[in-house]
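K.L.:
Sequence first, then the predicted structure:
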Amino acid sequence: MKKQPEITDKTRQTFKNVFCDLYSQKPIEKISIQEIANKSGYNRSTFYQYFTDIYELLDYVEEGVMKSIYEEMASRELSTHSFQDALQCLENAEEISVFKALLGDYGAIHFVERLKREIPFEKLIADLPTNDTLAPYLIEFYISTLLSLFRLWIRNDKDLSSEELVKLIDSLFANGIKSYYCFGTVNEG
């Protein structure tokens, strides 16, 4: 007898949610299949019906995020992308708990590198210098900064509105940090 698709999807989603909750609290090496199964309300054999191991579950979570980002980006016109559009693509792509896990303290750097490779953030840079030697460094600086600030924003439970975050990032890229930090005091921007 075949399982109903709704039950299969619900079971996968439960494993995913429990995994993300655990992964945001500790390294993947410290997460056991038994722990995921117990917290999910299933047994280990049910876990193995869906995933061969924790790393396949991690791949499933990452693929889901990437698929959501691609779908969100496809619904937007590429030529009009701004950083705010990119932020909304990331923010809308999945539940925040997934990003907290994948981009959190225990998340793997390979996911950040994958985001850098697969999302065309470089299209957000206007007037990129044609100097082929500097361009990769400028793109890396820009993308790394954006992702680092996005990670911090997620870890801080989105303590700024997305508009405030975009305004801060635009200001930092345009004016540097000096407008916020002057002679040992922080200026409210």
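P.N.:
Received the coordinates, thanks.
K.L.:
C-alpha from now on. contacts and neighbour counts both.
P.N.:
Will do.
K.L.:
Residue 104 is in contact with residue 28, correct?
P.N.:
No: assessed by Cα atoms under 8 Å, residue 28 is found out of contact with residue 104, at 11.8 Å.
K.L.:
and residue 154, how far is that from residue 24?
P.N.:
In this view, residue 154 and residue 24 are 12 Å apart by Cα to Cα, to the nearest Å.
K.L.:
so what sits against both of the two?
P.N.:
residue 100 (Cα atoms under 8 Å, 6 or more residues apart in numbering).
K.L.:
Restricting to C-alpha, output the host helix or strand of residue 114 in PDB.
P.N.:
If you go by DSSP states H and E, residue 114 is part of helix 109-118. Only the C-alpha atoms of helix 109-118 are listed here, as PDB (Å, rounded to 0.1, in the frame of the first residue of the first chain):
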ATOM      1  CA  ILE A 109      30.400  27.400   5.200                       C
ATOM      2  CA  HIS A 110      29.700  25.400   2.000                       C
ATOM      3  CA  PHE A 111      26.100  26.700   2.100                       C
ATOM      4  CA  VAL A 112      27.300  30.300   2.200                       C
ATOM      5  CA  GLU A 113      29.700  29.600  -0.600                       C
ATOM      6  CA  ARG A 114      26.900  28.000  -2.600                       C
ATOM      7  CA  LEU A 115      24.700  31.100  -2.100                       C
ATOM      8  CA  LYS A 116      27.600  33.200  -3.400                       C
ATOM      9  CA  ARG A 117      28.100  30.900  -6.500                       C
ATOM     10  CA  GLU A 118      24.500  30.300  -7.400                       C
END
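K.L.:
what's the spacing between it and its chain's center?
P.N.:
9 Å (Cα atoms, centre = their mean, to the nearest Å).
K.L.:
Counting neighbours, which bits of that helix end up buried?
P.N.:
112, 115, 116 (16 or more other Cα atoms under 10 Å).
K.L.:
Let me know the pLDDT of the last one.
P.N.:
The model reports residue 116 with a pLDDT of 79.
K.L.:
Quick check: it vs residue 135, distance?
P.N.:
For residue 116 relative to residue 135 (Cα to Cα), the value is 15 Å.
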